[in-house]
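Engineer: Structure for the following, please:
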Amino acid sequence: MADYDNTNRGVLFPKTPESDKHPNYSGEINVEGKMYMISAWNKVSKTGNNYKSISITPKNEYTPKSQDQHASNYVPSHNISNDNFDQTPINLDDIPF
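Structural biologist: Prediction:
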């Protein structure tokens, strides 16, 4: 099997959150060769639009609460979201990763 280049690629797995603070999705992403933990929450804007709020932390800064906790249970210390987000369509060719 040939080696697969995962540079600038990532994966999110669905999770069942125990509370609103726990993500609905978690996984890893490789950006220019550096690994990051990524978490996403299902949100609804004030205008009723569904969106994902995401948090990304360098994997080398990730510390689980206990030794047997898996990265999929990662909950970052902060979450950036904006209920007034711009709904202009995004050209996927403009995304840098």
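Engineer: how many other residues sit next to N8?
Structural biologist: Counted with other C-beta atoms under 10 Å, residues neighbouring N8 total 13. Yep, even glycine has a C-beta here, placed from its N, CA and C like the rest.
Engineer: what about it, distance to Y51?
Structural biologist: Applying C-beta to C-beta, to the nearest Å, the value for N8 to Y51 is 23 Å.
Engineer: so who does N30 touch?
Structural biologist: 6-10, 36 (C-beta atoms under 8 Å, 6 or more residues apart in numbering).
Engineer: Buried among the residues you listed? Make that a PyMOL selection.
Structural biologist: In PyMOL, this line selects whichever of the contacts of N30 come out buried by 16 or more other C-beta atoms under 10 Å:
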select buried, resi 10+36
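Engineer: Can you add distance to I29, pLDDT and secondary structure and give the contacts of N30 back as JSON lines?
Structural biologist: JSON lines is the format used below for the contacts of N30 (distance: C-beta to C-beta, whole Å; pLDDT from 0 to 100; DSSP: H, G, I helix; E, B strand; the rest coil):
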{"residue": "N6", "distance to I29": "9", "pLDDT": "84", "secondary structure": "coil"}
{"residue": "T7", "distance to I29": "11", "pLDDT": "89", "secondary structure": "coil"}
{"residue": "N8", "distance to I29": "8", "pLDDT": "91", "secondary structure": "coil"}
{"residue": "R9", "distance to I29": "7", "pLDDT": "92", "secondary structure": "coil"}
{"residue": "G10", "distance to I29": "3", "pLDDT": "92", "secondary structure": "strand"}
{"residue": "Y36", "distance to I29": "5", "pLDDT": "94", "secondary structure": "strand"}
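Engineer: any low-confidence regions in the protein?
Structural biologist: 1-2, 62-97 (pLDDT under 70).
Engineer: cutoff 80 now
Structural biologist: Confidence mapping of the chain against pLDDT under 80 gives the ranges 1-4, 61-97.
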